[in-house]
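> Got a predicted structure here, sequence first:
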Amino acid sequence: MAAARRLKRVVATQPGFLSFSENKADVSTRRKRVNKNKKKNWNKHSDINDVEDFLEDIRHQERTTGGLLAEKPDDSLFFLDAGHQQKDDRKASEQVKNKKRKGKSQRPLRIDLILQHDSLVPPIKDVLAYQQPNAKKLRNAAKRVEHLAAKGVVPRSQKKLLNRQTPKTGVKKAVTEANNYPKREYYDIWGQESKSSADPWYLQQTGKKRVKRPEKMNDKPSTLPAVEVIAPGGSYNPDFFSHQALLQEAHNVEIKKQKAEKRIERRLAVDKDKRATEETIFQEQVEGLVEENEDDEVSAINEDDKVSAINEDDKVSAIKEEEEGTVGGAIVLAEKKTERQRKKEKAEKIKEQQRLSEKNQTNKRQQLFQLRSIKATIKQQEKRTAARQKRRKAKMEAQKSQPRRLGKLKFQADDIEIKLSDELRSSLRELKPEGSVLKDRFKSLQKRNLIEPRERAKFKRKYKLKYVEKRAFREIT
């Protein structure tokens, strides 16, 4: 590109260069003396109009003629005037014109001519369209495979695939079945292709067979539509009743918000009667400093009570120890059970077991006469469980249309976009837009459980800004 640009510039400087622009008369003006040592004066006090005119002239020639006129051949610039046409040629041209008039007009429409590309400069070549990811790596791999194939060496990956294939013992000839054979499989020429008998792992690794998609991935996280249609009252020219209904809905939402704020204020409110006053503060400070004698007497009485209580506790503990000693001695001195006593205990135990078994049997026999009441209770239990299951399913279905708690933040629905009665306009042009499409889509993603509710990240500077004054070259700031 640089060489072509340089060639155009050299051609334009030649004496045979034809310019489209008019030659401007050189006006001799005295140049202003400016210090160009500073960079800000370079573009400010530099005259580049001649260079811009020259480049604009070249671009104009490229757009109109497809290149520079100096480079064009004489045949494209001049033509030979051979004089008037002969009568035969005129007749032939008139016949052609008549034929064209009779048929449909071949001339394109004006709108198509406007949309056509009028510049003769070819468009810039899109380099990205010819790029291929990992092209160099793929070329090297292909060269390596060709090099090994020339030597007669089989690559390792191909060897593995050949080893995985089951060896065929013998090729069986396909036996054609008769058309009137009743057990012959039905073949549908418009149906799907027959399943291949190759190894499924091989088909999956080579990309010929897709991985089985889990059924859970087909379930949508929410049953809400992607784009919710607003109520009829949200139109730019709504019906009176539908607009009032939407206003009532927005009014109810605002009332709920106010009730929640008032509830928080009530819980955080402080009772004025329970506030600390100067008297209560003074009493707390003076507490324990006045009436020391009375406190000493009270403390002495309390000490006497404590001593008496301790003596009583000692007596009770001594009595308990004596009782425990006697009991412990009785346990130690207990005699061993005789064989007669053991037999008696065993017989009593067997009698108790028999009594309990007989009682269970009688209860079971009594239940035979209670079959109707048992069936009724079972039916009631089944009804209760069915109703509970129905409520649980209805709750789960309702939860599918509600936003779930995906993160630490809770989803907050956006305000209802509505126009008041005095804000309505008769024309759509006079209507002021309300809301944001980007915010609406972001809230829709949160409502459909595709992303979690988020807050804008707060920027916190790690280090403080430090201002430093720098001195420019030959310039004081």
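Looks like it arrived, so ask away.
> From R429, how far off is L68?
Per Cβ to Cβ, to the nearest Å, L68 is found 51 Å from R429. All C-beta atoms are positioned from the backbone trio N, CA, C, and that covers glycine.
> Could you check how many residues crowd around H117?
7 (other Cβ atoms under 10 Å).
> quick one, what contacts it?
By Cβ atoms under 8 Å, 6 or more residues apart in numbering, no residues touch H117.
> ok, back up a step: higher neighbour count, L68 and R429?
Set side by side, L68 and R429 show more neighbours around L68, with 17 against 7, by other Cβ under 10 Å.
> doesn't D57 make contact with the more buried one?
No. L68 lies out of contact with D57 (Cβ atoms under 8 Å); the separation is 9.6 Å.
> Please confirm that R429 is located within a helix.
No. According to DSSP: H, G, I helix; E, B strand; the rest coil, the state of R429 is coil, so it is not within a helix.
> What's the separation between it and L420?
19 Å.
> How about R213?
Taking Cβ to Cβ, one finds R213 at 50 Å from L420.
> what do you get for E254?
Taking Cβ to Cβ, one finds E254 at 13 Å from L420.
> same deal with K257?
18 Å.
> got it, and G435?
On the measure of Cβ to Cβ, G435 and L420 end up 15 Å apart.
> low-scoring stretches of the stretch 51-200 of the chain, by residue?
Counting by pLDDT under 70, the stretch 51-200 of the chain shows low-confidence ranges at 84-105, 165-182, 184-189, 191-197.
> quick one: furthest residue from the center of this protein?
Going by Cα atoms, centre = their mean, the residue of the chain most distant from its centre is R340, 84.8 Å out.
> N35 contacts K44, correct?
No. Counting by Cβ under 8 Å, N35 stays clear of K44, with 11.2 Å between them.
> Put the alpha carbons of the host helix or strand of L162 into CSV.
Assigned by DSSP states H and E, L162 belongs to helix 156-164. Provided in CSV are the C-alpha atoms of helix 156-164 (Å, rounded to 0.1, in the frame of the first residue of the first chain):
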residue,chain,number,x,y,z
ARG,A,156,-0.6,-43.4,16.6
SER,A,157,-4.1,-42.0,16.8
GLN,A,158,-5.1,-43.9,13.6
LYS,A,159,-3.6,-47.1,15.1
LYS,A,160,-5.8,-46.7,18.2
LEU,A,161,-8.9,-46.3,16.1
LEU,A,162,-8.0,-49.4,14.0
ASN,A,163,-7.4,-51.5,17.1
ARG,A,164,-10.8,-50.5,18.5
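> Check the offset of the helix or strand following that helix from the chain's centre.
Using DSSP H and E, the next helix or strand after helix 156-164 towards the C-terminus is helix 200-205. Centre-to-centre, helix 200-205 and its host chain are 32 Å apart (Cα atoms, centre = their mean, to the nearest Å).
> So what touches stretch 334-353?
Contacts of stretch 334-353 (Cβ under 8 Å, 6+ apart): none.
> What's the mean pLDDT across that stretch?
The average pLDDT within stretch 334-353 is 92.
> same check, this time on stretch 360-368
On average, stretch 360-368 scores 89.
> Please apply the same query to stretch 462-471.
Rounded mean pLDDT across stretch 462-471 is 81.
> do the same with stretch 248-260
The model assigns stretch 248-260 a mean pLDDT of 95.
> tell me which element P403 falls in.
Applying DSSP H and E, one finds P403 in no helix or strand.
> And the protein, what are its domain boundaries?
Segmentation of the chain into domains, based on automatic domain parsing, reads 51-73+108-151, 234-264+403-421+430-447.
> hey, which of those domains is tucked in deepest?
Ranked by mean neighbour count, the domains of the chain are led by domain 234-264+403-421+430-447 with a mean of 13 (mean count of other Cβ atoms under 10 Å).
> Quick one: end-to-end distance for it.
20 Å (Cα to Cα, to the nearest Å).
> what's around the residue lying closest to Q412 once chain neighbours are set aside, how many residues?
Distance criterion Cβ to Cβ, 6 or more residues apart in numbering; nearest residue to Q412, sequence neighbours excluded, is P453 at 7.2 Å. Using other Cβ under 10 Å, P453 is surrounded by 18 other residues.
> what sits against P453?
Taking Cβ under 8 Å, 6+ apart as the test, what P453 contacts is P403, L406, G407, L409, K410, F411, Q412, Q446.
> Recalculate using a threshold of 7 Å.
Residues near P453 by Cβ atoms under 7 Å, 6 or more residues apart in numbering: G407, L409, K410, F411, Q446.
> Which single one of those is nearest to V121?
Q446 (49.5 Å; Cβ to Cβ).
> Regarding that closest one, what are the backbone dihedral angles?
Reported as degrees, to the nearest 10, the phi and psi values for Q446 are phi -70, psi -40.
> ok, now how distant is it from A413?
Taken as Cβ to Cβ, the span from Q446 to A413 is 9 Å.
> Rounded mean pLDDT for the helix or strand containing L438, please.
Assigned by DSSP H and E, L438 belongs to helix 437-447. For helix 437-447, the mean pLDDT works out to 93.
> repeat for stretch 425-432
86.
> what residues does that stretch touch?
In contact with stretch 425-432 (Cβ under 7 Å, 6+ apart) are residues Y236.
> Now do that stretch: distance to the chain's middle.
Per Cα atoms, centre = their mean, the centroid offset for stretch 425-432 relative to its chain is 35 Å.
> list the contacts for Q116?
With Cβ under 7 Å, 6+ apart, Q116 has no contacts at all.
> From Q61, how far off is it?
The value you get for Q116 to Q61, if Cβ to Cβ is used, is 20 Å.
> With D422 instead?
Counting by Cβ to Cβ, the gap from D422 to Q61 is 63 Å.
> And E71, by the same measure?
10 Å.
> same question, N163
Counting by Cβ to Cβ, the gap from N163 to Q61 is 68 Å.
> Look up the pLDDT of V227 for me, please.
Note on V227: pLDDT of 92.
> Now do the same for it: helix, strand or coil?
coil.
> go on, K256?
K256 ends up helix, using three-state DSSP.
> Between the two ends of stretch 445-456, how far is it?
16 Å.
> what's the spacing between that stretch and its chain's center?
For stretch 445-456, the distance to the chain centre is 8 Å (Cα atoms, centre = their mean).
> Same question for stretch 243-253.
Relative to its parent chain, stretch 243-253 has a centroid offset of 32 Å by Cα atoms, centre = their mean.
> same check, this time on stretch 425-440
That offset, for stretch 425-440, works out to 27 Å (Cα atoms, centre = their mean).
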